[in-house]
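>>> Generate coordinates for the sequence data below:
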Amino acid sequence: MHSDSLRAQPKQKRGQRRVDAILNAASERFAEVGYENATIIEIAARADTSVGSLYQFFANKEAILKALVERYVERASVVFAGMEVEAFPEMTLEQSIKAILVPLKAFIRDNRDFQVIFSSPTGSTYVDETIRSMDEAFLARTGASLLRARPNMRAEDLRKYSLVCMVIMKGLLGLAHHSSELTLDEVFEELEAVYLRYLTPLMGG
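Next up, the predicted model:
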């Protein structure tokens, strides 16, 4: 990881493993008790490393949070880049929805603390700015997908429908966390059903 959130870049694989362990431990602890309540001592203990070793790489808890956010954004960018919106006009609406939701579900399954960290108040300007940037990226990609299916759609309608799609996504993904009564598969089944119901009349289906 080459990040300005790191105080020192790990020079050996052992150092990188320690950084990864710290980030994994912080992610788990933030999800369990919230960012504000997690402590450096707890994170170091969970990572099976000393506090001094942790401070060798991270100046403070916010630096750890920033590095976690950077890691999640990098992983999410790969997922979104793999969604081939160019093929959507040749797909049915159901197929295009699945093309978006299947890789997204895999991402959430592999990064179960992502939703907790991004939906919890952290007081971090960096996190707030990152969320706004990710929101705009989602809106742009959704708008591009809708435009390919409906080339004559007005710009204001594209924005409106994209905003609704984003709110639907965020609302239902709020159920995709450890303490939810619903399984991840159930959440995504509902998400697919809602999208299908909402988008069918817009797409002329």
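>>> Residue 173 contacts residue 187, correct?
Yes: with contact taken as C-beta atoms under 8 Å, residue 173 and residue 187 are classed as touching, separated by 7.1 Å. All C-beta spots, glycine's among them, are computed from the backbone N, C-alpha and C.
>>> For the helix ranked longest in the chain, which residues meet the burial criterion?
Within the chain, and with DSSP state H defining each element, the longest helix by residue count is helix 125-149. Applying a neighbour-count criterion of 16 or more other C-beta atoms under 10 Å, the buried positions in helix 125-149 are 127, 130, 134, 138, 139, 141, 142, 143, 145, 146, 147, 149.
>>> so what's the last one closest to, chain neighbours aside?
Spatially, and ignoring its direct neighbours in sequence, residue 149 is nearest to residue 203 (5.4 Å; C-beta to C-beta, 6 or more residues apart in numbering).
>>> Please work out how many residues are found near that neighbour.
Using other C-beta atoms under 10 Å, residue 203 has 16 neighbouring residues.
>>> Distance of it relative to residue 74?
32 Å (C-beta to C-beta, to the nearest Å).
>>> what's the answer for residue 165, then?
Using C-beta to C-beta, residue 165 is found at 24 Å from residue 74.
>>> likewise residue 90?
When C-beta to C-beta is applied, the distance between residue 90 and residue 74 equals 30 Å.
>>> now do residue 142
Between residue 142 and residue 74 the distance, using C-beta to C-beta, works out to 21 Å.
>>> Same check on residue 61?
When C-beta to C-beta is the yardstick, residue 61 and residue 74 sit 21 Å from each other.
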